[in-house]
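# Would you be able to build a 3D model of this:
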Amino acid sequence: MKTAKLDFTNCTEETDFFDRIIEALGLGVDYCGRNWSAIYDFSRSEKMVEKVVITGTSNLKGYMRKYIPEMVETFDYIIESYEQRGKLFIYEIID
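The predicted structure is shown next:
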């Protein structure tokens, strides 16, 4: 199983937040847009990792914390989309 680590430690900017997600999923920072729709769309067309282990969410400050529920919702949509096509995607938040 191809696994990636997504670490939000010292993440203070929105662009960095999205870049870390895009990089961990293997979607390409220079190509994929920095928004939830783009991440979902690219997940359907690009080869991604099968598992993401997420850390550093408890370190996010202020407005950055609002992105965690949105990330979970997007990742849940990706799981549903992958299951419909017989593919695997899972994520785990460990902090």
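# now the strands for this protein?
Remark: strands assigned in the chain by DSSP state E are 3-7, 51-55, 90-93.
# Now distance to Ala24, mean neighbour count and mean pLDDT too, for those, in CSV please.
C-beta: built from backbone N, CA, C; applies to glycine. Supplementary listing: the strands of the chain in CSV, determined by distance: least, Cβ to Cβ, whole Å; neighbours: other Cβ atoms under 10 Å; pLDDT from 0 to 100:
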stretch, distance to Ala24, mean neighbour count, mean pLDDT
strand 3-7, 4, 15, 95
strand 51-55, 6, 18, 97
strand 90-93, 10, 15, 96
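# In JSON lines, list the ones you listed along with distance to Cys32.
Conversion of these to JSON lines gives the following (distance: least, Cβ to Cβ, whole Å):
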{"stretch": "strand 3-7", "distance to Cys32": "14"}
{"stretch": "strand 51-55", "distance to Cys32": "15"}
{"stretch": "strand 90-93", "distance to Cys32": "17"}
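# nearest to Asn35, of those?
strand 3-7 (16.8 Å; Cβ to Cβ).
# what about the helix or strand of the chain with the lowest mean pLDDT, distance to the chain center?
Here the helix or strand of the chain ranked lowest by mean pLDDT, DSSP states H and E is helix 36-45, holding a mean of 89. Taking Cα atoms, centre = their mean, to the nearest Å, one finds helix 36-45 lying 10 Å from the centre of the chain it belongs to.
# related to what we said a few turns ago, quick one: which of the strands of the chain is nearest Thr74?
Ranking those by distance to Thr74, with Cβ to Cβ as the measure, places strand 90-93 first at 10.1 Å.
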